[in-house]
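Chemist: Give me coordinates for this.
(one chain, ligands or ions: 1)
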Amino acid sequence: MNRFKDPGSDISAFVGAALVVCPRCSGCAVSRPRGGGIPDASTPRRVSCTACPLSGERESPAPARGRDDARDPFFRLPLWLQTPCCGAVLWALNEDHLAFLEGYVGADLRQRAPDDAGWSNRSTGSRLPLWIKSAKNREAVLKGLAKLRERLREVRGL
Ligand SMILES: [Zn+2]
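Modeler: Purely as a prediction, here's the structure:
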């Protein structure tokens, strides 16, 4: 049996870097926090492309249009890792996030770590859309995640 331990972390734990589609060359660009320290959702970001000279900066997130729209919240660029799935869009910010989803969806038994206040109900796992967690979609979601993994391989080594 595959056990999966939910780290109980907010999605902001994954804001280190987001892979996005370059608006200039359609290659893979990276949106990442500027400076040192532990980034949070309000840390200024810069974007740079792995395939062309594109670069840019933003001091604060662009106005949000919902967190599930498969775009980087700062630059509003489409995420590199996204694929249609179950009538919705399955997406991941980066490899860590993809690995989290693979672990979560692939696990037979889900365990959650208690936070300071007891059992967390704000973990990334518990806040995933229902269609991702639904047992009947499990196979389709795993196929979608495999497509995202393929997409990630396209930029390996860059
Ligand atoms: Zn580019």
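
Chemist: Close to the ion: what parts of this structure are there?
Modeler: Neighbours of the ion within the chain, by CB under 5 Å from the ion: 22, 24, 25, 27, 49, 51, 52, 54. For glycine as for every other residue, the C-beta is placed from the backbone atoms N, C-alpha and C.

Chemist: helix or strand for the third one, which one?
Modeler: Taking DSSP states H and E as the criterion, no element holds residue 25; it sits outside all helices and strands.

Chemist: List the residues that contact it.
Modeler: Residue 25 is in contact with 49, 51, 52, 54, counting by CB atoms under 8 Å, 6 or more residues apart in numbering.

Chemist: What is the burial count for residue 70?
Modeler: As a burial measure, residue 70 scores 17 neighbours (other CB atoms under 10 Å).

Chemist: close enough to count as contact, it and residue 88?
Modeler: No: applying CB atoms under 8 Å as the test, residue 70 and residue 88 come out as separate, 9.5 Å apart.

Chemist: Packing partners of the longest helix that the chain contains?
Modeler: Scanning the chain for the longest helix, with DSSP state H as the assignment, gives helix 138-153. Contacting helix 138-153 under the criterion 3 or more CB pairs under 8 Å, 6 or more residues apart in numbering; DSSP states H and E are the following elements: strand 81-85, strand 88-92, helix 95-106.

Chemist: buried set for that helix?
Modeler: Using 16 or more other CB atoms under 10 Å as the test for burial, helix 138-153 gives 140, 141, 144, 145, 148, 151, 152.
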